[in-house]
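Asker: dropping the sequence and predicted coords here.
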Amino acid sequence: MAKEVYIPKLGQTVEEVMIVDFLVENGQKVSEGDEIMEVETDKAVFGIEANAGGYVHFGPYKLKDVVPILTVIAVIGKEGEVFSAQPNPVAEVSSKKEKTSHPQEEEEELEDHDSDFFSQDGERICISPRARKMAKEKKVDITKVIATGAHGNRIVEKDILSFIQEQLKITPLAKKMAEEHRIDISTIHPASMSGKITKDDVQAVIEKDAISEQASMPAILDEHKIDGIRKIISERMHASSQITAPVTLLMDVDVSRLVELRETLKRECVSLKAPGYNEIFAKVCALALKQFPYMNARMTDHTIQQIQDINIGVAVDTERGLLVPVIKNVNQKSIYQVTSEFQHDVDMIRESRVAPEILQDGTFTITNLGSFDVRAFTPIINLPETAILGLGKIEPRVVAVDNGVFVRKMMTISLTFDHRVVDGAPAARFLQFIKNKLESLSREVLES
């Protein structure tokens, strides 16, 4: 007699699988334990083993077919036989599987067997654990439920829901209202003696939920419309989080030399504005982007484009919101040119006289929250750029240097990059280059 092979239970919540490969030909001779096909759940791919030796005869299934668990998908018998088994979700667990199953899996299989019952006409029916749980909670007589799973031999969760809805008396309008507001009609108590749920019953539930929701809402102090710059910032930040695959790297930097150099530049600058930390970082980042051009890039629908110009935007906090003036071709300018241009743009922004071209064509962005005592954070990429550098506070920390322990001026920098464009190791090399340049910074580098 041919032995039936069925899709076994592959997890507590798995209801069906997809056939992804046939590992043997139809009619081929197999031994017990040989894998004959592979199926895929929402989590993994599993092999289905032959539960007997003989010739395998597959059922009427093909690649990519989705079938319920416990469905008979093949029989193993004599060479001249053909697949003739009736779809039956309840099959005998093979002795080999019993030996290799984990205790938890055996408990789940027994749980499914215990859920079998006989309907009035003597036909054996199976019910999934989730369907059985719902039936118990809703006090549903499962012998009266019509099964749709496994070719009509297995009750699944949707069968219980359908049965409940059929048993409830509800007007068409009330049913439509309940569906629109996602209300479980089994929780609605009809007001009329007939027991029929009307639109008034559904409306009462809607109003009750609204009152309950409003009661739990905190008191609103102020409210204003999202428009102007705030609307643009909101849309761009949301788009960045949805489109990119952001990863953030953190690195501690000894900026003692940087702090000393900036103090020297401040003392020397009489007629010129002294460079700030943002301008110095812009200059160092320009060197890094020239050394690692894959970071000065953007992604289109089908390509990754490396940009020739190195245009660095620096985020500025204003009363109107966050604005990012862009310093063009930073690699071709000295620190004094970068400072003059950036300070001019900031003055224009704060006087609300910003020209659109000031905020365009950036290829890399710097954002600084150090003045707010923020040590490290995860900045959001400014599309269509590939990366953004976050600057934390400069603070004295006790660190180990060579064979001694010293107090040094330290800073944490945060690089968020788009993993679709660049991988972790290349991005880390870029950040490490910035760290090394800052720790060995000279005025010759800045003035070049």
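Answerer: Structure's in. What do you need?
Asker: residue ranges in the stretch 151-300 of the chain under the pLDDT threshold?
Answerer: Low-confidence segments of the stretch 151-300 of the chain, defined by pLDDT under 70: 151-152, 167-168, 193-194, 213-217, 219, 227-229.
Asker: show me what contacts S241?
Answerer: I380 (C-beta atoms under 8 Å, 6 or more residues apart in numbering). From N, CA and C alone the C-beta is placed, and that goes for glycine too.
Asker: how about F163?
Answerer: The neighbourhood of F163, defined by C-beta under 8 Å, 6+ apart, consists of V140, K144, V145, I146.
Asker: pretty sure it belongs to a strand, no?
Answerer: No - under DSSP: H, G, I helix; E, B strand; the rest coil, F163 falls outside any strand and is assigned helix.
Asker: closest to L359 out of the contacts of F163?
Answerer: L359 has its nearest neighbour among these in V140, at 62.2 Å by C-beta to C-beta.
Asker: surely the closest one touches S162?
Answerer: No - contact between V140 and S162 fails when scored by C-beta atoms under 8 Å: they sit 10.7 Å apart.
Asker: have a look at those two and say which one is more surrounded.
Answerer: Shown here are V140 and S162; by other C-beta atoms under 10 Å, V140 has more neighbours (21 against 13).
Asker: and of the contacts of F163, the nearest to N153?
Answerer: Of all those, the one sitting nearest N153 is I146; the distance, using C-beta to C-beta, is 11.4 Å.
Asker: show me what contacts the closest one?
Answerer: Applying C-beta under 8 Å, 6+ apart, we find I146 in contact with D159, S162, F163.
Asker: can you read off the pLDDT for it?
Answerer: Turning to I146, the model gives it a pLDDT of 82.
Asker: next, it: secondary structure please.
Answerer: Under three-state DSSP, I146 falls in the coil class.
Asker: from I155, how far out is it?
Answerer: Shown here: I146 relative to I155, a distance of 8 Å by C-beta to C-beta, to the nearest Å.
Asker: now swap in V330 and tell me
Answerer: The spacing between V330 and I155, counted by C-beta to C-beta, is 68 Å.
Asker: contacts for the helix or strand hosting V338?
Answerer: Using DSSP states H and E, V338 falls within helix 335-350. Residues external to helix 335-350 that are found in contact with it (C-beta under 8 Å, 6+ apart): 265, 272-276, 278-280, 282-283, 314, 316, 318, 323, 325, 327, 330, 333, 354-355, 358, 446-447.
Asker: just the buried ones from these?
Answerer: Burial by neighbour count, judged by 16 or more other C-beta atoms under 10 Å, picks out 265, 274-276, 278-280, 282-283, 314, 316, 323, 325, 327, 330, 333, 354, 358, 446 from those.
Asker: on that earlier part again, helices and strands around the helix or strand that the helix holding V338 is followed by, which ones?
Answerer: Secondary structure here is assigned by DSSP H and E; on that basis, the next helix or strand after helix 335-350 toward the C-terminus is strand 364-368. Packing partners of strand 364-368 (3 or more C-beta pairs under 8 Å, 6 or more residues apart in numbering; DSSP states H and E): helix 277-291, strand 312-314, strand 387-391.
Asker: which outside residues touch strand 364-368?
Answerer: Outside of strand 364-368, the residues that reach it under the criterion C-beta under 8 Å, 6+ apart are 277-278, 281-282, 285, 289, 295-296, 310-315, 324, 379, 381-382, 385-391.
Asker: can you check what angle separates that strand from helix 277-291?
Answerer: Between the direction of strand 364-368 and that of helix 277-291, the angle (axes from the mean of the first three to the mean of the last three C-alpha atoms, to 10 degrees) works out to 150 degrees.
Asker: good, wrapping up.
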